[in-house]
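In: The following comprises the amino acid sequence and a computationally predicted model.
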Amino acid sequence: MLANLLSSSYPGRRRNQANWEDQSEAVARATERRHLERYHSQGLAFWLDRVKQNGRSNVRVLDLKPINPSNFEFLIQHGLQVSTAGLTAESPELDSSEQLIGRLSGLFCQRSFDAILAWDLLLHIATPIRDDLTRWLSKHSSTEAPLLMLAGAMPDGRIPSATYRIGDGGEVTWDTKTTDGEHLAPNLHKGCVGFSMARKFLLRHGPTELVMQSESLEQ
């Protein structure tokens with residue numbers, strides 16, 4: 001009763017409380033937009049079209065990052081066979097070509113792949129090591145195998161280090177709570193060793209989705 005009386009006696013207090021609650025909700029929504037992006041991935045759709053155009057049965061996909069259940073289900077529903085390298089921006093193997101290539105060679109031996117998902121991983125690898133990685137990927141890929149990756153930085157200059165979850169209809173949830181801002185984003189728009197540009201799609205939150213295709217390399 002006293003609370004009701006105080007509220008009725010001080011209408012300004014009610015307005016201030018309402019404004020404070022509105023501002024808190026706005027801050028929460030702004031925080032979510034900064035760290036959680038949902039978008040229809042044109043890059044993923046184009047990558048998937050390229051995968052299906054090759055006409056192969058038993059298409060083998062390599063996801064360089066840890067794969068989550070929703071991504072695995074999405075790829076399986078499209079008839080793809082999925083392997084994962086389980087690498088993240090914090091993986092110690094990214095600091096050494098010998099360790100990185102050794103890990104991949106140990107996991108996959110003589111296997112080859114028809115498509116690759118790299119997401120943002122290549123942004124976190126120094127150029128010489130990245131070149132060794134993409135050279136290995138190209139040599140272990142079928143002709144013109146598509147590779148989906150991100151290039152560029154967030155609007156504030158941070159490099160995305162995110163978890164990607166594929167939902168219904170190819171909608172991607174991009175969780176950037178662990179974004180790393182200590183490095184400059186490398187320019188990958190011109191391609192990588194062993195891969196050439198196929199298409200690129202600018203995302204509304206900064207980076208660009210790139211779909212590369214493998215090129216034959218001399219042994």
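Out: Right, received. Where do you want to start?

In: contacting residues around the strand or helix carrying residue 116?
Out: Using DSSP states H and E, residue 116 sits within strand 115-119. Here strand 115-119 makes contact (CB atoms under 8 Å, 6 or more residues apart in numbering) with 47, 50-51, 59-65, 80, 137, 141, 145-150, 162, 164. No exception for glycine: its C-beta is placed from N, CA and C like everyone else's.

In: Could you export it as CSV, CA atoms only?
Out: Extracted in CSV, the C-alpha atoms of strand 115-119 (Å, rounded to 0.1, in the frame of the first residue of the first chain):
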residue,chain,number,x,y,z
ALA,A,115,34.2,-28.4,-50.8
ILE,A,116,35.6,-26.5,-47.9
LEU,A,117,34.2,-24.3,-45.1
ALA,A,118,36.8,-22.0,-43.7
TRP,A,119,34.5,-19.3,-42.2
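
In: Local confidence estimate at the closest residue to residue 112 other than its chain neighbours?
Out: Leaving aside its chain neighbours, residue 112 sits nearest to residue 140 (4.9 Å; criterion: CB to CB, 6 or more residues apart in numbering). What the model reports for residue 140 is a pLDDT of 96.

In: contacting residues for residue 140?
Out: 104, 108, 111, 112, 113.

In: Can you check what pLDDT the model gives the third one?
Out: According to the prediction, residue 111 has pLDDT 87.

In: That one should be in a strand, yeah?
Out: No: with DSSP: H, G, I helix; E, B strand; the rest coil as the criterion, residue 111 is coil rather than part of a strand.

In: Can you report how many residues neighbour it?
Out: Using other CB atoms under 10 Å, residue 111 is surrounded by 12 other residues.

In: and the gap between it and residue 197?
Out: Distance of residue 111 to residue 197, computed by CB to CB, to the nearest Å: 26 Å.

In: ok, now the last one?
Out: From residue 113 across to residue 197, the span is 19 Å (CB to CB).

In: more crowded one of the two?
Out: residue 113 (20 against 14).

In: Identify the residue nearest that one in space, chain neighbours excluded?
Out: residue 62 (4.3 Å).

In: got the contact list for the one you found?
Out: Residue 62 is in contact with 83, 84, 85, 108, 113, 115, 116, 117, 137, counting by CB under 8 Å, 6+ apart.

In: where exactly do the helices run in this protein?
Out: Ranges of helices in the chain, per DSSP state H, are 2-9, 11-35, 42-53, 69-77, 97-108, 127-139.

In: Tell me where the model's unsure across this protein.
Out: 1-36, 153-160, 176-187, 189-190, 205, 218-219 (pLDDT under 70).

In: domains of this protein?
Out: Split into domains by automatic domain parsing, the chain comes to 2-31, 41-214.

In: So which of those domains is the most surrounded?
Out: Using mean count of other CB atoms under 10 Å, the stretch among these with the largest mean neighbour count is domain 41-214, at a mean of 17.

In: now do the same end-to-end measure for that domain.
Out: By CA to CA, to the nearest Å, the extent of domain 41-214 from end to end equals 21 Å.

In: quick one: the residue nearest to residue 112 and residue 163, what's the gap?
Out: Separation of residue 140 from residue 163 (CB to CB): 25 Å.

In: Next: residue 48.
Out: 20 Å.

In: export the contacts of residue 140 to CSV and tack on distance to residue 175?
Out: Below are the contacts of residue 140 laid out as CSV (distance: CB to CB, whole Å):
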residue, distance to residue 175
104, 25
108, 27
111, 30
112, 31
113, 26
